[in-house]
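Enquirer: Just the structure for this:
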Amino acid sequence: MTDTEKIKKCFEKTTFQRLLTCSMILMVSLVFGLFSLLVTWLSEGKIRQNVKNNMSIVVEQFDVYLNNYIANIDTGFKAFESDQNLLNLQISSQNERYLSYTAANYIYVKKLLNQFLNANSTSVYGVYINFSDGRIMTQAYEKDLLKINYSYEKWKERFPKNQYYWVDADYCRDLIPDPQVGAVLFHLYEDVNTHRNGIILIAVKAEFFEEILDVAALDKDAGISLITDYGIMHFGNLNASKQVDNRRDYLVHKAEETKEIQSQVLDGYYFMYKNMDFTNWKLVYTVKETSISNAHYIMRDVMISTVLMIAASAVLLSLLSRAVSRPLQELIKKVENKNVLEHEISVTSYAEINSLSSGLEQMRQRINHLLVQIEAEQEAKRQIEIALMQEQINPHFLYNTLYSIMQLCEMKKPEKASRMIEALSAFYRIGLNEGKNIITVREEMEHVKNYLFIQHFRYSDLFDYTVDCSPEILNCRIPKMSLQPLVENAIYHGIKQKHEFGNLCILGGTSDGICAYLEVHDDGPGISQEKMEAIRSALKGGITTGISFGMKNVDSRIKFEFGSEFGIEFYSEPGDTCVRIKFKMEDA
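Expert: Residues are numbered from 1 along each chain as shown. Next up is the predicted model:
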């Protein structure tokens with residue numbers, strides 16, 4: 001292996017991070033050297049002003065970071081608190097008739113709670129919810145459950161106003177003994193009508209404030225304090241922070257005079273403070289004045305030692321910059337190619353570029369695979385629609401209905417024949433619907449009523465039927481001909497198998513205002529447990545064997561339109577077989 005090949009191989013193994021680090025070290029060295037000469041010439045006042053400006057930027061950044069995190073927590077808290085499922089739980093009773101709805105509310109609130117905690121894992125330690133009557137819902141984010149000494153009367157005495165409270169935990173450590181909690185956001189609620197009360201509380205990690213305020217990076221003589229309405233949180237140098245305790249009222253008054261950052265020197269300490277808009281807390285940066293005054297001597301000594309590196313740095317930095325940019329430019333050229341999906345993306349360079357190139361190539365292959373998959377799904381959808389149209393125009397149903405109409409004419413019963421023709425016309429008018437696949441529940445109910453009218457005329461000695469639908473879902477959208485296949489199954493596979501007079505019932509409504517349902521009930525002999533499991537497996541696995549095409553067709557179209565969590569559900573016992581269509585409440 002030649003020296004050139006060895007160098008090339010070593011270069012390919014070198015990481016982008018290492019190259020960039022070397023480049024930045026050299027660049028900083030150059031800037032540092034020039035800056036050291038300027039610092040030596042500048043006066044003490046100019047240096048102090050520069051340091052103050054830097055401190056002002058730090059305070060501003062801390063203010064922005066804290067406000068952003070706290071705003072996210074506050075927004076999430078209020079959205080979570082106003083969720084209808086949580087409100088239902090607050091007013092619900094353990095003795096309510098439909099406990100399944102209460103369980104569904106708990107499950108949904110649990111999901112919302114996990115989403116909130118995952119979204120705010122950096123800052124939130126845990127959430128505490130107490131419904132006052134013994135039903136307590138707690139959630140710890142990491143290892144331990146949140147420890148709260150809760151009594152509504154005791155908390156109400158301490159915090160009497162009906163508002164949202166942002167409180168540092170040290171102020172109420174008797175109520176919140178958990179040392180890992182730094183601050184809390186909570187709201188005490190009370191319903192005078194139901195005599196219910198409780199609390200919803202979010203605990204913020206104590207370590208979150210240290211991390212966001214970057215305490216480890218502070219000057220050794222500097223401290224940061226957060227003055228709340230009830231106490232003070234200190235970080236960094238304790239001696240510097242204690243200066244804030246002695247001037248709390250004064251700093252609060254001065255900070256509220258303006259929204260801008262203010263600064264002044266008091267008893268040998270430099271104070272920089274600002275009022276935080278969102279929580280109305282006061283952020284105070286405190287540092288010894290001598291630490292600022294001596295800063296330029298330290299910088300001068302450091303800068304002089306770097307001057308000798310400037311000449312060599314300029315040459316090496318140029319070479320490194322070229323080494324970094326060349327493979328990136330090559331990769332950019334390949335990615336910007338109009339036919340990028342048709343050609344392999346491959347660049348050989350140092351580790352990060354090789355990894356990026358490999359990732360882009362995998363993404364290219366995945367996109368091509370998805371394009372093929374989308375085409376297959378579109379074709380499958382087209383086949384389902386074709387099959388649906390074939391199901392819509394059932395020749396046997398049409399022949400039998402026309403034959404019944406002919407019998408009525410021969411029996412000289414024109415009024416009944418006219419009603420049959422009207423029902424048949426309306427049935428096919430809605431069923432065809434100019435090729436549209438989505439109609440309203442109102443139209444779907446009219447469609448199935450016409451179908452039942454015709455079938456009842458033919459089988460009047462076989463069954464009676466009832467149709468009842470809640471008005472609040474009549475304008476919701478649903479794939480057309482969702483009910484008719486299920487009603488047909490109920491007649492031919494349910495009531496006819498009973499070998500005696502039967503009843504058919506169609507119901508529609510909603511239990512939560514989010515999901516709607518349409519149910520087809522028959523009092524036939526029912527379905528065996530083994531047959532029900534086979535049908536459920538067929539629906540879940542997309543298998544058509546052992547299940548009517550109509551039922552599978554309806555389930556597939558509901559899932560395609562509203563999502564996999566919707567579709568057909570059913571249960572059966574002797575005397576009551578129910579097939580339910582579950583769909584989302586969306587107006588057409």
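
Enquirer: Would you mark the buried spots in the helix or strand hosting residue 404?
Expert: Counting by DSSP states H and E, the element that carries residue 404 is helix 395-410. The neighbour-count check on helix 395-410 (16 or more other Cβ atoms under 10 Å) flags 397, 401, 404-405, 408 as buried. Every C-beta, even on glycine, is put in place using the N, C-alpha and C of the backbone.

Enquirer: Check pLDDT for those and point me to the minimum.
Expert: Within the buried residues of helix 395-410, pLDDT reaches its minimum at residue 397, with 71.

Enquirer: How about the secondary structure of the most centrally placed residue in the chain?
Expert: Nearest to the geometric centre of the chain sits residue 115, at 6.1 Å (Cα atoms, centre = their mean). Using DSSP: H, G, I helix; E, B strand; the rest coil, the secondary structure recorded for residue 115 is helix.

Enquirer: same thing with the one 10 residues further on?
Expert: When classified by three-state DSSP, residue 125 comes out as strand.

Enquirer: swap in residue 464?
Expert: What three-state DSSP gives for residue 464 is strand.

Enquirer: what do you get for the one 3 residues further on?
Expert: The local conformation at residue 467, judged by three-state DSSP, is strand.

Enquirer: swap in residue 450?
Expert: helix.

Enquirer: The residue nearest to residue 205 when sequence neighbours are not counted: how many residues sit nearby?
Expert: The spatial neighbour of residue 205 that comes closest, neighbours along the chain excluded (Cβ to Cβ, 6 or more residues apart in numbering), is residue 125 at 4.4 Å. When neighbours are defined as other Cβ atoms under 10 Å, residue 125 has 26 of them.

Enquirer: cool, and residue 411?
Expert: Neighbourhood size, residue 411 [other Cβ under 10 Å]: 10.

Enquirer: model confidence over the helix or strand containing residue 381, on average?
Expert: Take DSSP H and E as the rule and residue 381 turns out to sit in helix 351-392. Mean pLDDT, helix 351-392: 72.

Enquirer: try stretch 436-447
Expert: 88.

Enquirer: Would you mark the buried spots in it?
Expert: Buried-residue list, stretch 436-447, by 16+ other Cβ under 10 Å: 437, 439-447.

Enquirer: Among those residues, which lie within strands?
Expert: Judged by DSSP state E, the buried residues of stretch 436-447 include 439-440 as members of strands.

Enquirer: Where do the helices of the stretch 101-250 of the chain begin and end?
Expert: Assigned by DSSP state H, counting those that start in this stretch, the stretch 101-250 of the chain shows helices spanning 152-158, 206-212, 238-246, 248-255.

Enquirer: Please produce TSV containing those, extended by mean neighbour count, mean pLDDT and distance to residue 513.
Expert: Listed next are the helices of the stretch 101-250 of the chain as TSV, based on neighbours: other Cβ atoms under 10 Å; pLDDT from 0 to 100; distance: least, Cβ to Cβ, whole Å:
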stretch	mean neighbour count	mean pLDDT	distance to residue 513
helix 152-158	14	87	30
helix 206-212	17	80	37
helix 238-246	17	81	51
helix 248-255	16	85	46
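
Enquirer: Nearest to residue 178, out of these?
Expert: Proximity to residue 178 (Cβ to Cβ) singles out helix 206-212 among these, at 9.2 Å.

Enquirer: so residue 587 touches residue 476, yeah?
Expert: Yes. Residue 587 lies in contact with residue 476 (Cβ atoms under 8 Å); the separation is 6.3 Å.

Enquirer: which one of the two has more residues nearby?
Expert: Shown here are residue 587 and residue 476; by other Cβ under 10 Å, residue 476 has more neighbours (20 against 8).

Enquirer: Now do the contacts for the more buried one.
Expert: 440-441, 516, 583, 585-588 (Cβ atoms under 8 Å, 6 or more residues apart in numbering).

Enquirer: Against residue 553, how distant is it?
Expert: 20 Å (Cβ to Cβ, to the nearest Å).

Enquirer: Would you mark the buried spots in stretch 553-563?
Expert: Buried, per 16+ other Cβ under 10 Å, within stretch 553-563: 553-562.

Enquirer: now do stretch 462-475
Expert: 462-463, 465, 469, 473.

Enquirer: Quick check: of the residues you listed, which lies closest to residue 161?
Expert: residue 473 (42.3 Å).

Enquirer: Can you tell me which helix or strand of the protein has the lowest average pLDDT?
Expert: The helix or strand of the chain with the poorest confidence is strand 136-140; it has a mean of 50 (mean pLDDT, DSSP states H and E).

Enquirer: Do I have it right that residue 167 meets residue 183?
Expert: Yes. With contact defined as Cβ under 8 Å, residue 167 counts as touching residue 183 (6.6 Å).

Enquirer: mind listing the helices in the stretch 451-588 of the chain by residue range?
Expert: Per DSSP H, counting those that start in this stretch, the stretch 451-588 of the chain carries helices over the ranges 484-489, 529-541, 549-562.

Enquirer: Out of these, which gets nearest to residue 505?
Expert: When these are compared by Cβ to Cβ, helix 484-489 sits nearest residue 505, at 10.5 Å.

Enquirer: which secondary structure elements does that closest one contact?
Expert: helix 441-458, helix 549-562, strand 576-584 (3 or more Cβ pairs under 8 Å, 6 or more residues apart in numbering; DSSP states H and E).

Enquirer: Can you flag the weakest of these by average pLDDT?
Expert: helix 549-562 (a mean of 84).

Enquirer: Can I get that helix in CSV? Just the C-alpha atoms.
Expert: The C-alpha trace of helix 549-562 is given here as CSV (Å, rounded to 0.1, in the frame of the first residue of the first chain):
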residue,chain,number,x,y,z
PHE,A,549,-68.1,-10.4,1.0
GLY,A,550,-70.6,-7.7,2.1
MET,A,551,-69.4,-7.6,5.7
LYS,A,552,-65.7,-7.5,4.6
ASN,A,553,-66.5,-4.9,2.0
VAL,A,554,-68.2,-2.6,4.6
ASP,A,555,-65.4,-3.1,7.1
SER,A,556,-62.7,-2.3,4.5
ARG,A,557,-64.4,0.9,3.3
ILE,A,558,-65.0,2.2,6.8
LYS,A,559,-61.3,1.6,7.8
PHE,A,560,-60.1,3.2,4.5
GLU,A,561,-62.3,6.3,5.1
PHE,A,562,-61.8,6.9,8.9
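
Enquirer: What is that helix packed up against?
Expert: By 3+ Cβ pairs under 8 Å, 6+ apart, helix 549-562 packs against helix 351-392, strand 477-479, helix 484-489, helix 529-541, strand 567-573, strand 576-584.

Enquirer: quick one, it and helix 529-541 angle?
Expert: Taking axes from the mean of the first three to the mean of the last three Cα atoms, to 10 degrees, one finds helix 549-562 and helix 529-541 inclined to each other by 40 degrees.

Enquirer: quick one, what contacts the residue nearest to residue 486 when sequence neighbours are not counted?
Expert: Leaving out its chain neighbours, the residue that sits closest to residue 486 by Cβ to Cβ, 6+ apart is residue 520, at 4.5 Å. Contacts for residue 520 were tallied using Cβ under 8 Å, 6+ apart; they are 483, 486-487, 490, 504-506, 578-579.

Enquirer: out of these, which one sits closest to residue 525?
Expert: residue 490 (12.1 Å).

Enquirer: what number of residues lie near the closest residue to that closest one other than its chain neighbours?
Expert: Closest residue to residue 490 apart from its sequence neighbours, by Cβ to Cβ, 6+ apart: residue 522 at 4.2 Å. Other residues near residue 522 come to 29 when the count uses other Cβ under 10 Å.
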